[in-house]
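Chemist: What follows is a predicted protein model with its sequence.
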Amino acid sequence: MPSDVVRVIYRKYDGSAHRDYPSRRLATDDLGVWLGVPVGTESIYHGQPSVERIPFVLLVPHHAWWTGMFNPPPRTSEVYCDITTPARWEGDDTVHLIDLDLDVVRRRGTGLVELRDEDEFAEHRQRFRYPDDLVVEAEAASRRLLVALGDGTEPFATAYRKWLALVV
């Protein structure tokens, strides 16, 4: 039986700490593993202790180059996707991800979908010597998400709402 608690560990390509927090396994389906993070969850963000003030749900797809964070109001991003390497699971209770800088975000209210942190991606591509195949995958994932967050493709339309309701 899988553990109810899953530790989520994001690192940068050079191995430096990015984010680290516990979450609660909500479900596993054809889209991936749904994890809930309630208000008050203690976390590490950019190497510094932090406490989550707004709950969220994280979708870790089975074999994709991204993760999706689904947020309630008052967070201004309804959906925030980090471009990452595919998830590497350590047992059932720890997931490792390499954050590749690029983010695709859908804004609450306006529905505006935007690609963020292209400058950071370009800088880290040089500094960390991203392999060409990694760059191709990251850029392709960004392009797919720009379309999917805008056109109602699941899980970005309504599929996440039932899981988000469990943590708000």
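Modeler: Looks like it came in fine. Numbering: from 1, shown residues only.
Chemist: Next up, the contacts around the spatially most central residue of the chain.
Modeler: Closest residue to the average C-alpha location of the chain: residue 67 at 3.2 Å, with Cα atoms, centre = their mean. With contacts defined as Cβ atoms under 8 Å, 6 or more residues apart in numbering, residue 67 is in contact with 58-61, 81-82, 84, 87, 97. Yep, even glycine has a C-beta here, placed from its N, CA and C like the rest.
Chemist: out of the residues you listed, which is most surrounded?
Modeler: When neighbours are counted by other Cβ atoms under 10 Å, residue 81 leads these with 30 neighbours.
Chemist: any idea which element that residue lies in?
Modeler: In this assignment (DSSP states H and E), residue 81 forms part of strand 77-84.
Chemist: what does residue 149 give?
Modeler: Using DSSP H and E, residue 149 sits within helix 132-151.
Chemist: and that helix with strand 77-84, angle?
Modeler: Calculated by axes from the mean of the first three to the mean of the last three Cα atoms, to 10 degrees, helix 132-151 forms an angle of 160 degrees with strand 77-84.
Chemist: What segments of this structure are helices?
Modeler: 118-127, 132-151, 161-164 (DSSP state H).
Chemist: Return, as residue ranges, the portions of this protein with sub-threshold pLDDT.
Modeler: Low-confidence segments of the chain, defined by pLDDT under 70, span residues 1-3.
Chemist: Please name the residues that touch residue 124.
Modeler: Applying Cβ under 8 Å, 6+ apart, one finds that residue 124 lies in contact with 12-13, 100-101, 130.
Chemist: Name the nearest residue to residue 96, ignoring sequence neighbours.
Modeler: Ranked by Cβ to Cβ, 6 or more residues apart in numbering and with sequence neighbours excluded, the top spatial neighbour of residue 96 is residue 88, at 4.5 Å.
Chemist: right, and the one you found touches residue 60 too?
Modeler: No - with contact defined as Cβ atoms under 8 Å, residue 88 does not count as touching residue 60 (10.4 Å).
Chemist: Mutual contacts of those two, please.
Modeler: With contacts defined as Cβ under 8 Å, 6+ apart, the residues adjacent to both residue 88 and residue 60 are 95, 97.
Chemist: Contacts for stretch 90-100 next, please.
Modeler: Applying Cβ under 8 Å, 6+ apart, the set of residues contacting stretch 90-100 is 2-3, 5-13, 18-19, 33, 60, 65, 67, 82-85, 87-89, 121, 124, 130, 134, 138.
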